[in-house]
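Q: what follows is a predicted protein model with its sequence.
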Amino acid sequence: MLPPQRDSGKLERPLVMHPLPYEGEWDGRIAYLDRDGVINRGFEDYVNTVDEIEILPLAATSIGELRRSGFRVCVVTNQSPVGRGLWTRDNLASIHTEIRRLLLLEDKDAHLDLILHSPYAPWENSWARKPNPGMLEASRQIMETAHSDPSLSDLTILYGPDWKDRPSEQDSVMVGDRDVDMRASDAFGVTGIRCNPDDGISGVIDSILG
Ligand SMILES: [Mg+2]
């Protein structure tokens, strides 16, 4: 198994999530978001440095709205440049730190509760690389566990047919701008919502929140 990765450390390292700006307990809804073309502008040859980050208009407000409406927010992003050796996981971590900073500058509720990436090249056939659903499977298990036990010390993440007792994803959503995102949504069993990469999440937020 080639598992998804967090920005640093182990996948099962502790995760302390910011309280939701929402009255009542989290009811299990997750907004799974692709990154490029959803939150920030994507480019054919990747977002390679902090300087290349361009947050899409109203993406921060949209993420704030999701959390104010009771969704936890998880980013699931294919980042094969890591596996291809073009740049390091540390570089990716610095890009994610800056994306988080820019989102919170615009909307104080626009926390990304979790970011998972797949560092693998396509020919590695990882279950964690979209269109496979491994990142979504891991996100659900990490966030559900972190909700009650942020240490994640008892978490063993299960994938594919090994994960039997799955919670319903019927009130959750996955937003992406590409076919691979929609295929991963289908494989995982969550409603996939496709956005235009020039508009990103703000173009579909009304259809999510109703
Ligand atoms: Mg994308």
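A: Thanks, I have it. Numbers count the residues shown, from 1 in each chain.
Q: what is the neighbour count of Asp154?
A: Asp154 sits with 8 neighbouring residues when counted by other CB atoms under 10 Å. The way it works is simple: take the backbone N, C-alpha and C, and place the C-beta from them, glycine included.
Q: could you pull out the strands for the chain?
A: Using DSSP state E, the strands assigned to the chain run over residues 30-33, 72-78, 114-118, 173-176, 191-194.
Q: can you give me the end-to-end span of stretch 23-42?
A: Between the start and the finish of stretch 23-42 there is a gap of 34 Å, counting by CA to CA, to the nearest Å.
Q: quick one: it to chain centroid distance?
A: Its chain's C-alpha centre and that of stretch 23-42 lie 6 Å apart, by CA atoms, centre = their mean, to the nearest Å.
Q: swap in stretch 135-152?
A: Relative to its parent chain, stretch 135-152 has a centroid offset of 13 Å by CA atoms, centre = their mean.
Q: who touches that stretch?
A: Under the criterion CB atoms under 8 Å, 6 or more residues apart in numbering, residues 3-4, 11-17, 26, 28, 30, 32, 72, 74, 76, 113-114, 116-118, 128-129, 154-155, 157-160, 163, 166-167, 169, 174, 184-185, 188, 190 lie in contact with stretch 135-152.
Q: mind saving the C-alpha coords of the lowest-mean-pLDDT helix or strand in the chain as PDB?
A: Taking mean pLDDT, DSSP states H and E as the measure, the chain has helix 80-84 as its least confident helix or strand, at a mean of 94. Once non-C-alpha atoms are left out, helix 80-84 reads as follows in PDB (Å, rounded to 0.1, in the frame of the first residue of the first chain):
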ATOM      1  CA  SER A  80       3.000  13.800  -8.200                       C
ATOM      2  CA  PRO A  81       5.900  16.300  -8.500                       C
ATOM      3  CA  VAL A  82       6.900  14.900  -5.000                       C
ATOM      4  CA  GLY A  83       7.100  11.300  -6.300                       C
ATOM      5  CA  ARG A  84       8.700  12.400  -9.600                       C
END
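Q: and the residue of the chain found nearest the ion, what does it touch?
A: Using CB to the ion, the closest approach of the chain to the ion is made by Gly37 at 3.7 Å. Contacts for Gly37 were tallied using CB under 8 Å, 6+ apart; they are 176-178, 195, 197, 200.
Q: this completes my enquiry, with thanks.
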